[in-house]
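> Here is my input; please provide its structure:
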Amino acid sequence: MNAFLTIALLVVSNIFMTFAWYGHLKLQQMKVISDNTPLYMVILLSWGIALAEYTCQVPANRMGFAGNGGTFSLMQLKVIQEAITLIVFTLFTVLFFKGETLHWNHFAAFACLIAAVYFVFMD
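Okay, here's the model as predicted:
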């Protein structure tokens, strides 16, 4: 159960992170914010979203870390987080930025990431 909750929190965290990092670009496309919106306003908006990310990321790492009684080593936590980040980012890009497309090399990169997850869990 601890492993499932850790991964679920990492997924939610990465959703917030992706919106914090790239959501302002979509808001700009949708004319919610203008090209003339001051950069500091965009940064403050992103920080606000990133705060929600950290409220999931930090507990996920604390409860998931084997040193705190969790299931995963630090290396495993990081590789899981990176795999989740790529999946969330890919879905975000394909769903919200219609002009972006996936190519063979993206799938090759995904395969490498799956291999990384496999190797990090090997004894």
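
> max-length helix in this structure?
helix 2-29 (DSSP state H).

> next SSE after it?
Toward the C-terminal end, the helix or strand that comes next after helix 2-29 (DSSP states H and E) is helix 39-64.

> can you give me the mean pLDDT across that next one?
For helix 39-64, mean pLDDT rounds to 94.

> If you count neighbours, what's buried in whichever helix or strand comes after that helix?
Moving toward the C-terminus from helix 39-64, the next helix or strand (DSSP H and E) is helix 74-96. Buried residues in helix 74-96, counted by 16 or more other C-beta atoms under 10 Å: 76-77, 79-81, 83-86, 88-90, 92-93, 96. Glycine gets a C-beta too; all of them are placed from N, C-alpha and C.

> least confident pick among those?
Comparing these by pLDDT, residue 96 comes last, at 86.

> which residue sits closest to it, ignoring its sequence neighbours?
Spatial nearest neighbour of residue 96, excluding adjacent residues (C-beta to C-beta, 6 or more residues apart in numbering): residue 26 at 5.1 Å.

> Pick out the residue nearest the middle of this structure.
Compute the mean C-alpha point of the chain, and by C-alpha atoms, centre = their mean the closest residue is residue 14, 2.7 Å away.

> From residue 29, how far off is the residue lying closest to it once chain neighbours are set aside?
If you skip the residues right next to it in sequence, residue 14 has residue 88 as its closest partner in space, 4.3 Å away by C-beta to C-beta, 6+ apart. Distance of residue 88 to residue 29, computed by C-beta to C-beta, to the nearest Å: 19 Å.

> Then residue 56?
With C-beta to C-beta as the criterion, residue 56 and residue 29 are 26 Å apart.

> Between those two, point out the one with more neighbours.
Between residue 56 and residue 29, residue 56 has the larger neighbour count (other C-beta atoms under 10 Å), namely 19 against 13.
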